[in-house]
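Undergrad: Build me a model from this:
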Amino acid sequence: MHRLALCVWLVAMTALTSAVLAFDNGQYDHIPPDIRAWFKSVIAPNGVPCCDVSDGHRTDYDVRSGAYWVPIEGQWMEVPERAIIRDRGNPVGQAVVWYVRHRGAIIISCFVPADAV
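TA: Take a look at the predicted model:
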């Protein structure tokens, strides 16, 4: 229940601070069940759930001085170590980043590199 409440809180924060909010209104029906299950199961190293398919964004990424960087809304941002998930695999074949806008700032909550095992 705690994970669900946190996911709801993250979505609410996005709704309060962003004009665009990702909802699953059937537009993700084409996603195979195993991929959908993976998105729902991804949890950050600090125990915070990343949420769902509609919250994750497939992305390019770069590695600079040992740190991951991702483009979000036109700017490259460093992925904080607390958000990097290396042990959940990655069945989509492309990096995925979960983020929210909060008080004008972009907060990266989760990141799975394309080659995560």
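
Undergrad: how close does the residue most central in space within the chain get to residue 42?
TA: For the chain, residue 98 is the residue whose C-alpha lies nearest the centre (C-alpha atoms, centre = their mean; 1.8 Å). Plainly put, residue 98 is 8 Å away from residue 42 if you go by C-beta to C-beta, to the nearest Å. Every residue, glycine included, has its C-beta placed from N, CA and C.

Undergrad: overlap in contacts of the two?
TA: Taking C-beta atoms under 8 Å, 6 or more residues apart in numbering as the criterion, residue 98 and residue 42 both touch 50, 56, 110.

Undergrad: Helices of the protein, residue ranges please.
TA: 2-17, 33-41 (DSSP state H).

Undergrad: Confidence-wise, which of those is weakest overall?
TA: Ranked by mean pLDDT, those bottom out at helix 2-17, with a mean of 41.

Undergrad: before we move on, the earlier item: JSON lines for the shared contacts of residue 98 and residue 42, including distance to residue 76?
TA: Converted to JSON lines, these look like this (distance: C-beta to C-beta, whole Å):
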{"residue": "50", "distance to residue 76": "21"}
{"residue": "56", "distance to residue 76": "19"}
{"residue": "110", "distance to residue 76": "18"}
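
Undergrad: ok, so of those, who is nearest residue 66?
TA: residue 110 (19.1 Å; C-beta to C-beta).

Undergrad: quick one, what contacts the nearest residue to residue 99 once chain neighbours are set aside?
TA: Spatially, and ignoring its direct neighbours in sequence, residue 99 is nearest to residue 108 (4.7 Å; C-beta to C-beta, 6 or more residues apart in numbering). Neighbouring residues of residue 108 by C-beta under 8 Å, 6+ apart: 70, 72, 77, 79, 80, 83, 97, 98, 99.
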